[in-house]
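Student: sharing a sequence plus its predicted fold:
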Amino acid sequence: MAAKRPSALDRIDVKILAALQRDGRSTIQKLAQTVGLSPRASLERVRRLEAAGVIAGYHAIVELGRLAQPVNVFAEIILEKHANSARLEKRLAAVDDVVECWEVSGTVDYMARFVCADLAAYEELISGLIDDPSLGVGRIVSHVALRPIRRFAGYPEALLRRKGEPS
């Protein structure tokens, strides 16, 4: 079923989105109290936001450091042959260790975040990308993450509002 296009979000929708970003397991009753609506009205709004694709899903935040000691690497990927970008994108999307990847502007073509068991696994992965001439990768500049300073915890509430909408 195709997602319906959302109607304009009002300040209550924005409050709902902000609250669910902070706690996706919040009960409808708790959410209703937070946003000042009845539970039924809150549930209807959440369902409308889900149907419109504004809420795309819910995720558990896993503290991977309690399970393993993986290596996080941010990689700048520079293409030699841009005609092969679709093939590279498909390959990156299929690699489980690529947890995030963005096409970017500037001197770099892609920024990817790899989370691998160790540096040897990462080296093997990027060697496979560079050594495959059909992908057109010119070089990869790697930045090994030492520790997180701030992790993604949701979008700022100001970005959830439409332009010109009061706070």
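Tutor: Sure thing, it's come through.
Student: this structure: helices as residue ranges?
Tutor: 11-22, 28-35, 39-51, 85-94, 119-131, 157-160 (DSSP state H).
Student: which residues are contacting the third one?
Tutor: In this structure, residues lying in contact with helix 39-51 by Cβ atoms under 8 Å, 6 or more residues apart in numbering are 3-4, 6, 12-13, 16-17, 20, 28-29, 31-32, 35, 37, 55. (Each C-beta comes from the backbone N, C-alpha and C, glycine too.)
Student: let me know the outermost residue of this protein.
Tutor: Within the chain, the residue lying farthest from the chain centre (Cα atoms, centre = their mean) is residue 38, at 31.1 Å.
Student: so that one makes contact with residue 32?
Tutor: Yes - counting by Cβ atoms under 8 Å, residue 32 is a contact partner of residue 38 at 6.0 Å.
Student: you'd agree residue 107 is up against residue 79?
Tutor: No - contact between residue 107 and residue 79 fails when scored by Cβ under 8 Å: they sit 11.2 Å apart.
Student: who's more crowded, the two?
Tutor: residue 79 (17 against 7; other Cβ atoms under 10 Å).
Student: what's the burial count for the residue lying closest to residue 58 once chain neighbours are set aside?
Tutor: Leaving out its chain neighbours, the residue that sits closest to residue 58 by Cβ to Cβ, 6 or more residues apart in numbering is residue 24, at 4.4 Å. Counted with other Cβ under 10 Å, residues neighbouring residue 24 total 14.
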